[in-house]
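K.L.:
For reference, the sequence and a predicted model appear below.
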Amino acid sequence: MKPFRLFGLLLLAALLFPAGGQAQCAMCRAVLESGADNTVAEGINNGIVYLMAIPYVLIGALLYFVYKKIKS
């Protein structure tokens with residue numbers, strides 16, 4: 001299997017099954033869940049996931065453009 005096809009397949013699997021992406025550091029989770037308002041904890045959790053995903057999207061786009069440049 002070509003490396004780019006394997007990478008795309010793994011990326012697709014990660015996007016289709018994001019259950020593992022709903023994680024925080026243990027201290028943040030303990031502090032936020034000890035409060036009565038869980039909406040703050042969900043907001044912090046979503047922020048962590050977005051901050052984690054942006055570099056992967058940028059690197060994926062960069063690799064795609066490099067691949068297209070090499071292919072042409």
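P.N.:
Ah, there it is.
K.L.:
so where's this protein uncertain?
P.N.:
Residue ranges of the chain with pLDDT under 70: 1, 18-29, 31-33.
K.L.:
ok, 90 please
P.N.:
1-55, 71-72 (pLDDT under 90).
K.L.:
separation between the residue most central in space within the chain and Ser72?
P.N.:
With distances taken as CA atoms, centre = their mean, Ala53 lies nearest the centre of the chain, 3.3 Å away. In this view, Ala53 and Ser72 are 29 Å apart by CB to CB, to the nearest Å. No exception for glycine: its C-beta is placed from N, CA and C like everyone else's.
K.L.:
circling back: for the residue nearest to the centre of the chain, give its distance to Ala30.
P.N.:
Applying CB to CB to Ala53 and Ala30 gives a distance of 24 Å.
K.L.:
Then Val66?
P.N.:
Counting by CB to CB - Val66 and Ala30 are separated by 42 Å.
K.L.:
How about Leu51?
P.N.:
Taking CB to CB, one finds Leu51 at 20 Å from Ala30.
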